[in-house]
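Novice: this is a predicted model, with the sequence first.
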Amino acid sequence: NKRITFLELLREKLQCHYMPVHGRAEELAKTHDYRENFDVVTARAVAALPMLAEFSLPYVKQGGFWIAMKGKEDISPALSAVKLLGGKLEQTISYQLPDGDGRTIYLIKKISPTPTKYPRKFAQIKQKQL
């Protein structure tokens, strides 16, 4: 909940329109209020890309984008999961931080609805990634 408090303060300071929500990603994505309801969903350093796709893409509405920021992780193993969940890789942006560490931003466009069986329960996702 500390992250939510920080994000609420940041929202006020930057006068941005977004809604911090506290809950488990795989549970909230099953609710009508959140599923396929957002233009943009972002995530960074939460999990490996196939798992992160299953957590994130169910929230993105058709025509919207999932933006994933990763270190040196290659997206190739996640492309089948992205496709299965209704996404398509649109753009890859690579850059270096001032300390020389590399980062990559993957821009995924939501082109079709995510099947309702996704996301699965966390134990299932962890046991067998898409």
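Specialist: That came in fine, so what should we check first? Numbers count the residues shown, from 1 in each chain.

Novice: state the pLDDT value of the residue in the chain sticking out farthest from the centre.
Specialist: The centre of the chain is farthest from one residue, residue 99, which by C-alpha atoms, centre = their mean lies 25.8 Å away. Per-residue confidence (pLDDT) for residue 99: 92.

Novice: name the element it belongs to?
Specialist: Counting by DSSP states H and E, no helix or strand carries residue 99.

Novice: report the buried residues of the helix or strand of the chain with the lowest mean pLDDT.
Specialist: Across the helices and strands of the chain, mean pLDDT, DSSP states H and E gives its lowest value to strand 38-44, namely a mean of 85. By 16 or more other C-beta atoms under 10 Å, the buried positions in strand 38-44 come out as 38, 41, 43. C-beta here means a position set from N, CA and C on the backbone, and glycine is covered the same way.

Novice: with distance to residue 118 as extra columns, can I get those residues in JSON lines?
Specialist: Supplementary listing: those in JSON lines, determined by distance: C-beta to C-beta, whole Å:
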{"residue": "38", "distance to residue 118": "16"}
{"residue": "41", "distance to residue 118": "14"}
{"residue": "43", "distance to residue 118": "15"}
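
Novice: which one of those residues is nearest residue 65?
Specialist: Comparing these against residue 65 with C-beta to C-beta places residue 41 closest, at 7.6 Å.

Novice: quick check, the closest one in contact with residue 58.
Specialist: No. At 9.1 Å, residue 41 does not count as touching residue 58 under the criterion of C-beta atoms under 8 Å.
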